[in-house]
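Peer 1: need a structure here:
(one chain, ligands or ions: 1)
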Amino acid sequence: STPGEGVRLEDLPLRADLRGKSPYGAPQLDVAVRLNTNENPYPPPPELVADVGAACEEAARELHRYPDRDAVALRADLAAYLTRQTGVALSERNLWAANGSNEILQQLLQAFGGPGRTALGFVPSYSMHPIIASGTQTEFVPVPRRADFSIDIDAAVAVLSERAPDITFVTSPNNPTGQSIAPADLARLVDAAPGLVIVDEAYAEFAEATGRPSATTLLASHGHKLVVSRTMSKAFAFAGGRLGYLAAAPAVVDAIALVRLPYHLSVLAQASARAALRHADATLGSVALLAAERDRVCAELAAAGYDVIRSDANFVLFGRFADAGRAWKGFLEQGVLIRDVGIPERLRVTIGTPEENDVFLQVAGDLAIKEL
Ligand code: PMP
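Peer 2: Coordinates of the predicted model:
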């Protein structure tokens, strides 16, 4: 038997504030149509695969050495990409990279949150924000969105001055609801927030394709308290590569250097991300296609009788089910894995390939009769 198998979680000297909590994680099930974690459904093109292979082989010759601790070459490549993507001229001193944007968010909370500090978020939003807050012993302050899941900006401005959070999360486009925030509204929130505002732009490329600009456009005017967090996991089709990054004033990068683990980004991670970035145009070719599919899925869901929340991302929140948990199982029984994000009456579906979306829509059409 496995040594220590009899030891229970309750037997361990776990921190009191972690007792009784459950770990984050969507079920990773082996199902034909997986539309539950907002990945890009298209695998990387063969040229990218070959380039990542060659870059890793080259990097493997240096595996006896620690990587560049500051990942300067990668940060320069990310700055060039983001400059092209957003039109805002950025240098490697504005960029920082880590193992997924989750690690970026954790490093930000390690540096700017912590015991006695608060992080405010507009809920429902990305469920890792409160979990990362809890892991860093930062108190999370949830502020509800409107019934249509938009942020009431006037009310938010009032709450920000009243609660004076050390950190404010704004997710744009918001996961799991899909809407993005207009730069003018964001500027009002940043002006009202006394502390740092983290704009989580994990899905920004999809919104940019829809003409909604990135918050990086506010860095010149609001750089003293604005951080933009992004990732290669979604539009960039690099979820398995684990590469997230932020854009901010260089001083924010200096602050993170105080808490990051040395050599956190392996030689292989840095090399493969740089290789993937060289193929940005090919990878992002799928973004417009996915945005068009999103609009098709929304229209067909609405035609089948569903209530659909307008989305600027690669996923859609829809309902309203009499019982969302039962409906989720109904999809699964037909080989379609989507996400129950814990919002009553609603489920979230990631946009897949046209064929996957057709299967999903077929099942959704059948279920509408029973479950709405
Ligand atoms: N932010 C948001 C809003 C997300 O939805 C996700 C992925 N689910 C992340 C951050 C983290 O993604 P990653 O760590 O892969 O960059």
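Peer 1: Which parts of the stretch 1-150 of the chain are strands?
Peer 2: Along the stretch 1-150 of the chain, counting by DSSP state E, counting those that start in this stretch, strands occupy 33-34, 95-98, 118-123, 139-144.
Peer 1: Those: which one's closest to the ligand?
Peer 2: With Cβ to the nearest ligand atom as the criterion, the ligand lies closest to strand 95-98 of the strands of the stretch 1-150 of the chain, at 8.7 Å. Glycine gets a C-beta too; all of them are placed from N, C-alpha and C.
Peer 1: Could you report the neighbour count for the closest residue to the ligand within the stretch 51-200 of the chain?
Peer 2: Closest approach between the stretch 51-200 of the chain and the ligand, counting by Cβ to the nearest ligand atom: G100, at 2.7 Å. A count of neighbours around G100, defined by other Cβ atoms under 10 Å, yields 20.
Peer 1: In contact with T86: list those residues for me.
Peer 2: E208, P213, S214, T216, T217 (Cβ atoms under 8 Å, 6 or more residues apart in numbering).
Peer 1: Closest one of those to the ligand?
Peer 2: Distances from the ligand to these, taken by Cβ to the nearest ligand atom, are shortest for S214, at 14.1 Å.
Peer 1: Setting the sequence-adjacent residues aside, check what's closest to the most centrally placed residue in the chain.
Peer 2: In the chain, the centroid-proximal residue (Cα atoms, centre = their mean) is A202; its distance is 3.8 Å. Distance criterion Cβ to Cβ, 6 or more residues apart in numbering; nearest residue to A202, sequence neighbours excluded, is T231 at 4.9 Å.
Peer 1: do S214 as well
Peer 2: Nearest to S214 is T86, by Cβ to Cβ, 6+ apart, at 4.4 Å.
Peer 1: quick one on the thing from earlier: out of the contacts of T86, who's nearest H129?
Peer 2: Of all these, H129 sits closest to S214, with 19.2 Å by Cβ to Cβ.
Peer 1: Return the per-residue confidence for that closest one.
Peer 2: In the prediction, the pLDDT value recorded for S214 is 95.
Peer 1: Tell me the spacing between it and N38.
Peer 2: Relative to N38, S214 is positioned 18 Å away (Cβ to Cβ, to the nearest Å).
Peer 1: Repeat that for L18.
Peer 2: 27 Å.
Peer 1: Name the residues of the stretch 151-300 of the chain found near the ligand, please.
Peer 2: Proximity of the stretch 151-300 of the chain to the ligand, by Cβ under 6 Å from any ligand atom, involves residues T171, N175, D200, A202, T231, S233, A239, G244.
Peer 1: What residues does the closest residue in space to the last one that isn't next to it in sequence make contact with?
Peer 2: Distances taken as Cβ to Cβ, 6+ apart put S101 closest to G244, at 3.0 Å, once the chain neighbours are dropped. Taking Cβ under 8 Å, 6+ apart, we find S101 in contact with D200, A202, S229, R230, T231, S233, G244, Y245, L246.
Peer 1: now the stretch 101-250 of the chain, which segments are flagged as low pLDDT?
Peer 2: The stretch 101-250 of the chain contains no residues with pLDDT under 70.
Peer 1: phi, psi of V197?
Peer 2: Per-residue torsions, V197: phi -110, psi 120 (degrees, to the nearest 10).
Peer 1: Contact partners for it?
Peer 2: V197 neighbours (Cβ under 8 Å, 6+ apart): I167, T168, V170, L186, L189, V190, H222, K225, L226, V227.
Peer 1: Let me see the ranges of the helices in the chain.
Peer 2: Applying DSSP state H to the chain gives helices spanning 46-60, 72-86, 100-112, 128-135, 153-163, 183-192, 204-209, 219-222, 250-257, 267-277, 280-303, 324-333, 354-371.
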